[in-house]
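> quick one, fold the following:
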Amino acid sequence: HINPKILGYNTCTYIGVKLERGSMYKDVVPEFEKIPEVVECHFTTGPYTMLIKLYARDNEHLMELLNSKIQEIPGVMATETLISLRQSVKRTIPICNIKD
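Numbering: from 1, shown residues only. Below you'll find the predicted structure:
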């Protein structure tokens, strides 16, 4: 994996997405796959239907992604944007914790 900042993507963002209907999830995922800046997409419980993670070059680029791409996807009713200020913990599940 390469650090996105090396490529000029300085803004890590999580976006809560509300869909018109949860069943639209399967139609919306392919649209998110067309946006290269989207690196994760999750179908969730709670206040959002989906949670996506994306990297933008800066806030202006983020606004462009939101206004011109994400919010234009059919079925997307609303979004809430959370900008990560710093990633404090990054790890994977250790193999030694797996039990038979």
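> all helices in this structure, in order from the N-terminus.
For the chain, helices defined by DSSP state H occupy the ranges 25-33, 59-64.
> show me what the shortest one is packed against.
By that I understand helix 59-64. strand 11-19, strand 76-83 (3 or more CB pairs under 8 Å, 6 or more residues apart in numbering; DSSP states H and E). (C-beta placed from N, C-alpha, C; glycine too.)
> again, only this time at 10 Å
Contacts defined by 3 or more CB pairs under 10 Å, 6 or more residues apart in numbering; DSSP states H and E place helix 59-64 against strand 11-19, strand 50-56, strand 76-83.
> point out the most buried one among the ones you listed.
strand 50-56 (a mean of 21; mean count of other CB atoms under 10 Å).
> give me the distance from it to the chain's centre.
A distance of 1 Å separates the centroid of the chain from that of strand 50-56, by CA atoms, centre = their mean, to the nearest Å.
> end to end on stretch 7-26, go ahead and measure it.
30 Å (CA to CA, to the nearest Å).
> hang on, the earlier thing: turn the helices of the chain into JSON lines, including distance to Thr92, mean pLDDT and mean neighbour count.
Listed next are the helices of the chain as JSON lines, based on distance: least, CB to CB, whole Å; pLDDT from 0 to 100; neighbours: other CB atoms under 10 Å:
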{"stretch": "helix 25-33", "distance to Thr92": "23", "mean pLDDT": "97", "mean neighbour count": "14"}
{"stretch": "helix 59-64", "distance to Thr92": "27", "mean pLDDT": "98", "mean neighbour count": "14"}
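> export those to TSV and tack on distance to Cys96?
Shown next, in TSV, are the helices of the chain (distance: least, CB to CB, whole Å):
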stretch	distance to Cys96
helix 25-33	34
helix 59-64	39
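> which one of those helices lies closest to Leu51?
Closest to Leu51 of the helices of the chain, according to CB to CB: helix 25-33, at 11.1 Å.
> got the angle for that closest one vs strand 76-83?
With axes from the mean of the first three to the mean of the last three CA atoms, to 10 degrees applied, the angle from helix 25-33 to strand 76-83 works out at 50 degrees.
> show me what helix 25-33 is packed against.
Judged by 3+ CB pairs under 10 Å, 6+ apart, the packing partners of helix 25-33 are strand 11-19, strand 38-43, strand 50-56, strand 76-83.
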